[in-house]
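Peer 1: Let me see the structure of the following:
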Amino acid sequence: MTNRCKSLTRSALLVLGGAAFVSAIGCASTGGDPHVSRFRSNPTPLLHTLGKTGVESSNRIALTHDHNGRALNSDMGRFLLTDRPSRLTPEPVAY
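Peer 2: The predicted model follows:
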């Protein structure tokens, strides 16, 4: 046999040996337990973000929109100069 045939034979034996090793190991099986497979597909089913549930995320979004809306109304009042009475009146204004 030539060196090339020996190296091909050696490669074939290594591949077959590796395939036999992998097939002998097998796959990790849960035995058909549906609870384990559901857990593996989603280990944190209640979390919507990294640390909040869907309800907590929705509450935070609602509070943010509420705060932004009130801030917008306040900013518009200052922009339109309706946030306080005029200081140019000769009479004192209780404000």
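Peer 1: For the residue nearest the centre of the chain, give me its contacts.
Peer 2: For the chain, the residue nearest the mean C-alpha position is residue 49 (5.0 Å; CA atoms, centre = their mean). Shown in contact with residue 49 (CB atoms under 8 Å, 6 or more residues apart in numbering): residue 57. For the C-beta atoms, the positions are set from N, CA and C on the backbone; glycine is no exception.
Peer 1: Next one: residue 67 from residue 42, what distance?
Peer 2: Distance, residue 67 to residue 42, using CB to CB, to the nearest Å: 32 Å.
Peer 1: related to what we said a few turns ago, look at the residue nearest to the centre of the chain and tell me its secondary structure.
Peer 2: coil (DSSP: H, G, I helix; E, B strand; the rest coil).
Peer 1: Could you measure from it over to residue 83?
Peer 2: In terms of CB to CB, residue 49 sits 37 Å off from residue 83.
Peer 1: Kindly report the same for residue 10.
Peer 2: 87 Å.
Peer 1: same question, residue 62
Peer 2: According to CB to CB, residue 62 stands 26 Å off from residue 83.
Peer 1: biggest helix in this structure, by residue count?
Peer 2: helix 54-79 (DSSP state H).
Peer 1: and that helix, how far from the chain's centre?
Peer 2: 23 Å (CA atoms, centre = their mean, to the nearest Å).
Peer 1: And for stretch 75-86?
Peer 2: With CA atoms, centre = their mean, you get 42 Å for stretch 75-86.
Peer 1: Stretch 81-90 too?
Peer 2: That offset, for stretch 81-90, works out to 50 Å (CA atoms, centre = their mean).
Peer 1: Give the rounded mean pLDDT of that stretch.
Peer 2: In this model, stretch 81-90 has an average pLDDT of 80.
Peer 1: Could you do stretch 40-53 as well?
Peer 2: 86.
Peer 1: May I see the buried residues of it?
Peer 2: Residues of stretch 40-53 classed as buried by neighbour count (16 or more other CB atoms under 10 Å): none.
Peer 1: so who does residue 52 touch?
Peer 2: By CB under 8 Å, 6+ apart, residue 52 lies in contact with residue 60.
Peer 1: mind running it again at 10 Å?
Peer 2: 46, 58-60 (CB atoms under 10 Å, 6 or more residues apart in numbering).
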